[in-house]
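K.L.:
any chance you could fold what I've pasted below:
(one chain, ligands or ions: 1)
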Amino acid sequence: MSQSIEWSPLPLPSGSEHEQAVRQSLSNTAPRWVTLAWLYADAKVQAATLPSIIDNHDVLAQAKTGTGKTLAFLVPSIQRLLDSPAPPQSLTSILVLSPTRELALQIGVAAEGLLKASNYGVRCVVGGTNIETDKRQLKTQRADVLVATPGRLVDLLENGGLKPRLSQLRTLVLDEADRLLDAGFRKELLKILEALPDRQAVRRQTLLFSATIPTEVHTIASVALSKDHHFISTLKEEDVNVHEHVIQEVAVVAMADMLPASLEVLRREEEQAPARGGFKVMVFLPTARAAALYHDVFAALPTRYPVWEIHSRMSQSKRNKSTEEFRQAPTGVLFSSDVTARGIDVQGVTAVVQVGLPSSAEQYVHRLGRTARAGNKGHGVLVLAEFETMFLNDKTMRTFPLQTYPAISPGAVSSSRALVDQALGTVPDEAKAQAYQAWLGYYNSNLRALKWSQADLVRHANDYARDSLRYRSGEPWQAPGLLAKTVGKMGLKGVPGLHIVKDVQGGGQRAPRGGQGVPQPDLVEGGMGGHKMNGARGGFGGQRGGRARGGFRGVPRGRGGPRTN
Ligand SMILES: Nc1ncnc2c1ncn2[C@@H]1O[C@H](COP(=O)(O)OP(=O)(O)OP(=O)(O)O)[C@@H](O)[C@H]1O
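P.N.:
Modelled structure (predicted):
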């Protein structure tokens, strides 16, 4: 381990001038200087983990969202790289894994900033991009720091000749570690760990970071961490892992009023912009199709603000464009599935609105964490349908200071409704049918928590299509058509109320990537050309999906109950 990092434990005052200096140092100066500057800033997780990381311990670290975990693992690992003899071009020293592509790209940019003044190289390999380019560049360019999503990394290990490049790996980082260790990624994680050299032989250090570390992750983490690893949490025992200064409100509305209520919530956020420091909002929906539909509806509404969408049904280049434009925009709304729920650091997000049942309390925490980052203010609104309020009884959710959202009057709902209905008129039936199918899939995996029968599910889904989406099919009203194959895969064969068709309208209801036929929450990384349901837990508080295979030796595959911290 490098002995050359000079640092002082003296608590120096932090403030905006200082913060500016730190920020500048990140892009302009040598990493050693960054290390010094960074220690004096008000980023507890960095100060708390640095001594253990410098001492070459494996670390499992937990700290609230937006408190600087990325630099907490990047700066010491990069410092260590710089203080060691330069490795040959063909070797990677630091491997960072991220569950989502956007987060991987963001970490890559941060690493590049730290290595700007050096000859070392950073490469990002993520799903949805040309793997041949990755292979070529990994052969010819430096990749001292490699940031990857698990699926693409496994592809490169199995078919891209990547293994020798990792033969001297010094640091392995699992960002959003609880997600990476979750059932949805287990198979890939195991393959990656097996492909890495023996940790003792290369004295490899492993660093696991997340804002949420459910109890069982401590057990599962042992596959990656040494026995004497340090667990470091900046959360006090009685602490909850959301920021106290973020006002969190819950609006409960009739399912048919979710879209109008969302419009009203955004109208109020816009109205409150001067007090909230602006109007830049992320709206999270449970599925990719719902995010797309909300985006299309809001794009057709006579609102003043620009809107973007991001979810796994878009090409990676479109996802990148949305992320970039939203990052740069002073104001606007991004409709997102859970692909941006974790880690994404966009400056100036004034509010996070979560519409519909979040897949877990952890996911609620991560989504909320897109606002109020780095000590800034923020506001969170959770919009639930009446039947989704059981989510508030979750053990973890009950520890949060949730407030009731100021009532949305029937008058406000009906004027929003009229606007929304007009906008819905411009949305193709195909998009509504896709949102309906995705809705069925998502709530189907939450039946136990909802205390619904399959017939209840279909009844509610049809209400959603008819009353929320204004899906018009003629007289008598019929639900959007579903292929018998899709219905079979959802386990809904014979459930009354479904409309089985031979061919779906416009060929739009293809089975999702990966051919599963069953829409799932959009917690997708999407590598390996397949649709990975990252949270293959089978839904909040409910049944576990049967899709997650594998499992670490001696580690239970899952939990029966809700995900709590
Ligand atoms: N020492 C520091 N001084 C000033 N700003 C910092 C410092 N460390 C990090 N930041 C800034 O704080 C913001 C949040 O950091 P980061 O994205 O690493 O948070 P995080 O803890 O990883 O969040 P999440 O849990 O959402 O992944 C970033 O904009 C980052 O540049």
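
K.L.:
tell me the contacts of the residue lying farthest from the centre of the chain?
P.N.:
Outermost residue of the chain with respect to the C-alpha centroid, by CA atoms, centre = their mean, is E475; its distance is 41.4 Å. Taking CB atoms under 8 Å, 6 or more residues apart in numbering as the criterion, E475 is in contact with no other residue. Every C-beta, even on glycine, is put in place using the N, C-alpha and C of the backbone.

K.L.:
doesn't V381 fall inside a strand?
P.N.:
Yes. Assigned with DSSP: H, G, I helix; E, B strand; the rest coil, V381 falls within a strand.

K.L.:
make residue 1 into 479 and carry on from there
P.N.:
With 479 as the first residue, the last one maps to V859.

K.L.:
give me the contact list for the helix or strand where V761 lies.
P.N.:
Secondary structure assigned from DSSP states H and E places V761 in strand 758-762. For strand 758-762, the external contacting residues (CB under 8 Å, 6+ apart) are 740, 744, 747, 769, 772, 804, 807-816, 818-819, 824, 826-833, 836, 845, 848-849.

K.L.:
are any of these buried, and which?
P.N.:
For the contacts of strand 758-762, a neighbour count by 16 or more other CB atoms under 10 Å gives the buried set as 740, 744, 747, 769, 772, 804, 807, 810-816, 818-819, 824, 827-833, 836, 845, 848-849.

K.L.:
just the C-alphas of stretch 873-885, formatted as CSV.
P.N.:
Only the C-alpha atoms of stretch 873-885 are listed here, as CSV (Å, rounded to 0.1, in the frame of the first residue of the first chain):
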residue,chain,number,x,y,z
LYS,A,873,-40.8,-1.8,8.5
THR,A,874,-38.3,0.5,6.9
MET,A,875,-40.8,2.8,5.4
ARG,A,876,-42.4,3.3,8.8
THR,A,877,-39.1,4.8,10.1
PHE,A,878,-39.2,7.6,7.6
PRO,A,879,-40.7,11.0,8.4
LEU,A,880,-43.5,10.7,5.8
GLN,A,881,-46.0,13.5,5.7
THR,A,882,-49.4,13.7,4.0
TYR,A,883,-49.3,15.6,0.8
PRO,A,884,-51.5,18.7,0.8
ALA,A,885,-54.9,17.6,-0.5
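
K.L.:
what residues of that stretch count as buried?
P.N.:
T874, M875, T877, F878, L880, Y883.

K.L.:
isn't the second one up against E840?
P.N.:
No. Using CB atoms under 8 Å, M875 is not in contact with E840, being 10.5 Å away.

K.L.:
which non-adjacent residue is nearest the closest residue to the ligand within the stretch 629-778 of the chain?
P.N.:
Closest contact between the stretch 629-778 of the chain and the ligand, by CB to the nearest ligand atom, is at A689 (4.1 Å). Closest residue to A689 apart from its sequence neighbours, by CB to CB, 6 or more residues apart in numbering: T543 at 4.6 Å.

K.L.:
now do the contacts for that neighbour.
P.N.:
A689, N719, V720, H721, V843, H844, L846, G847, R848, R851.

K.L.:
same deal with V827?
P.N.:
Contacts of V827 by CB under 8 Å, 6+ apart are K758, V759, M760, R848, T849, R851, G856.

K.L.:
can you list the residues you listed in JSON lines and add distance to the ligand and pLDDT?
P.N.:
Output for those, formatted as JSON lines (distance: CB to the nearest ligand atom, whole Å; pLDDT from 0 to 100):
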{"residue": "K758", "distance to the ligand": "14", "pLDDT": "98"}
{"residue": "V759", "distance to the ligand": "17", "pLDDT": "98"}
{"residue": "M760", "distance to the ligand": "12", "pLDDT": "98"}
{"residue": "R848", "distance to the ligand": "7", "pLDDT": "96"}
{"residue": "T849", "distance to the ligand": "10", "pLDDT": "95"}
{"residue": "R851", "distance to the ligand": "5", "pLDDT": "88"}
{"residue": "G856", "distance to the ligand": "12", "pLDDT": "94"}
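
K.L.:
alright, that wraps it up for me.
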